[in-house]
Structure formats: structure tokens, C-alpha cells
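Output the structure for:
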Amino acid sequence: MSLSDDIKAEVKRIFAASWDERQGQVVPEPKDLKLDNDAVKFDRATVLYADLAGSTNLVDGKQWWFAAEVYRTYLYAAAKIIRDQGGVITAYDGDRVMGIFVGDSQATPAARCALKISAAVSNIINPALSAKYPDANYTVKHVIGIDSSSIRAARIGVRGGNDLVWVGQAANHAAKLANLSGDKAVWITEAVFNRLHGDAKFGGANKDLMWAKYTWNAFGNKTIYGSNWTWAV
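Below is the predicted model of the structure:
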């Protein structure tokens with residue numbers, strides 16, 4: 001069978017086959033699903049994307065090893081904090097990491113996770129970078145996006161080269177939020193904000209609201225919230 005015939009046959013089979021779907025309680029691994037029309041459904045999951053901002057300018061303007069050290073320190077800190085807050089790391093994509101939170105309480109640990117990553121950037125990574133490279137004229141910046149919705153996991157790819165894909169609003173919108181420019185390091189949707197516990201909404205001695213309200217014009221004028229607050233690691 002030629003390559004073209006093989007692809008045509010598989011595409012036809014995928015479109016013709018029905019889906020097997022089951023309810024999920026924990027985030028699956030690729031081996032937990034068949035490489036077929038097989039899906040795990042979560043009535044609600046909260047997705048976090050942590051993205052290193054300005055990475056194109058970083059790799060274009062700095063030595064490769066400097067950029068690699070920035071990548072490694074940021075993604076290490078983000079991944080450790082995601083796990084510490086009960087999230088599951090589901091993908092690394094260049095300069096970003098994706099984490100998923102499930103269970104009865106998921107929005108609050110996801111938001112707390114984002115604020116802790118901001119603290120790690122400000123209080124750990126940038127001071128260490130400045131101490132090691134005082135003349136680098138570089139500051140690590142990042143953007144995190146978080147959304148919550150119904151979502152499904154399916155296994156995609158070919159044998160010997162496959163992974164999970166997460167299909168649902170939360171995965172796409174969290175990724176888009178992580179691409180936002182502006183002066184906020186963390187962006188969450190209204191679906192996340194409305195599920196936050198009080199300690200993840202209000203901070204400081206005066207219990208000030210940590211989230212500013214915005215309109216996301218690019219996505220149907222959805223209400224979103226941004227924050228530059230941090231939470232000690």
C-alpha cells in the first residue's frame with residue numbers, strides 16, 4: 001500500500017468509526033487510551049498554560065545557552081509548582097507547559113499555582129539570573145492563561161509516536177490567554193473567577209481584590225480577569 005493509500009484508508013476509518021467514551025476521575029496517561037476513537041470525558045477540568053513571554057526575541061538576541069538556561073529555569077519552576085498544587089503536567093510545547101487540574105476544587109489551586117509561578121519568576125529566577133549575568137540586560141517575563149470547562153482527552157498520532165490531545169474550550173482558551181500581551185502576568189476566565197475561594201480572590205492585609213476585570217474583545221467580548229499579584233512559594 002502506498003503512503004497516500006494508507007493515509008486515505010485511515011482517514012476514512014477514523015471518520016466512519018463511532019467513539020467510545022467514558023467518565024474520567026483522574027488525568028489519564030497515553031497508555032490509558034486506545035490509539036483509536038477512544039475518549040475520556042471530564043464534566044469540568046481547569047487548564048493552565050504557563051508561557052515564557054518574548055522567547056523569540058530571547059533566542060534571536062542572546063546566546064543559545066543563555067536562552068536554554070532561561071527556558072530550563074522557568075519551565076522547571078512552573079512544573080514543580082503545578083505538581084505541588086495538585087495539577088498534572090500534560091504537555092511541554094517549546095517555551096510553555098500545560099497543566100490540568102481536576103476534582104471538586106480545581107479553580108483555586110490552579111489560580112494559586114499561577115500566582116506562585118509569578119512569585120518564583122520575581123523572587124527566585126530573576127534575582128538569580130541578575131546575580132549570574134549582571135550585564136545581560138534581560139528580565140524573565142511570562143504570561144499564564146487559565147480556563148475551566150468540560151473537556152475530553154483522546155490519543156492521537158501513530159504507533160511509536162503519539163500523545164494525548166485535550167479537546168474542549170478550556171484547553172484552547174487557556175492557550176489563547178497565555179498569548180495575551182499587556183501588563184498582567186496571569187489571566188483567567190470568568191468561569192474560573194466565579195469558582196475561586198475567597199483566599200484566591202482577595203489578598204493583603206486589607207483583603208483587596210487581586211483580579212482586575214477586562215473584556216476579551218477577540219473572543220466574543222468575554223469577561224476575563226488579570227492579576228499581577230504573587231503568592232509566596
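
which residue sits closest to the spatially most central residue of the chain in space, ignoring its chain neighbours?
Note on the chain: the residue nearest the mean C-alpha position is Tyr49, at 1.5 Å, using Cα atoms, centre = their mean. Residue nearest to Tyr49 in three dimensions, not counting chain neighbours: Ala178, with 4.0 Å by Cβ to Cβ, 6 or more residues apart in numbering. For glycine as for every other residue, the C-beta is placed from the backbone atoms N, C-alpha and C.

Same check on Thr215?
That would be Asn221: by Cβ to Cβ, 6+ apart, it lies 5.3 Å from Thr215.

The residue nearest to the centre of the chain: what secondary structure?
Assigned by DSSP: H, G, I helix; E, B strand; the rest coil, the conformation of Tyr49 is strand.

what's the distance between it and Trp166?
To Trp166, Tyr49 is 11 Å away according to Cβ to Cβ, to the nearest Å.

Find residues that contact each of those two.
Counting by Cβ atoms under 8 Å, 6 or more residues apart in numbering, the shared contacts of Tyr49 and Trp166 are Met98.

Toward the C-terminus, what is the element adjacent to the longest helix anywhere in the chain?
In the chain, assigned by DSSP state H, the helix with the most residues is helix 64-84. On the C-terminal side of helix 64-84, the closest following helix or strand by DSSP states H and E is strand 88-93.

Can you give the contact residues for that next one?
Against strand 88-93 from outside (Cβ under 8 Å, 6+ apart): 27, 75, 79, 82-83, 97-102, 163-164, 166.

those strands in this protein, which residues are they?
20-23, 38-52, 88-93, 96-101, 142-158, 161-167, 186-189, 202-203, 208-209, 212-216, 222-227 (DSSP state E).

Flag every buried residue along stretch 218-228.
Applying a neighbour-count criterion of 16 or more other Cβ atoms under 10 Å, one finds 224-227 buried in stretch 218-228.

just the residues you listed now: which is nearest Cys113?
For the buried residues of stretch 218-228, the closest approach to Cys113 (Cβ to Cβ) belongs to Ser227, at 12.6 Å.

That closest one against Ile117, yeah?
No: counting by Cβ atoms under 8 Å, Ser227 sits too far from Ile117 to count as a contact (11.9 Å).

picking up where we left off before, mind putting the contacts of strand 88-93 into TSV with pLDDT?
Formatted as TSV, the contacts of strand 88-93 follow (pLDDT from 0 to 100):
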residue	pLDDT
Val27	95
Leu75	97
Ala79	97
Ile82	98
Arg83	97
Val97	97
Met98	97
Gly99	97
Ile100	97
Phe101	97
Val102	96
Asp163	92
Leu164	94
Trp166	96
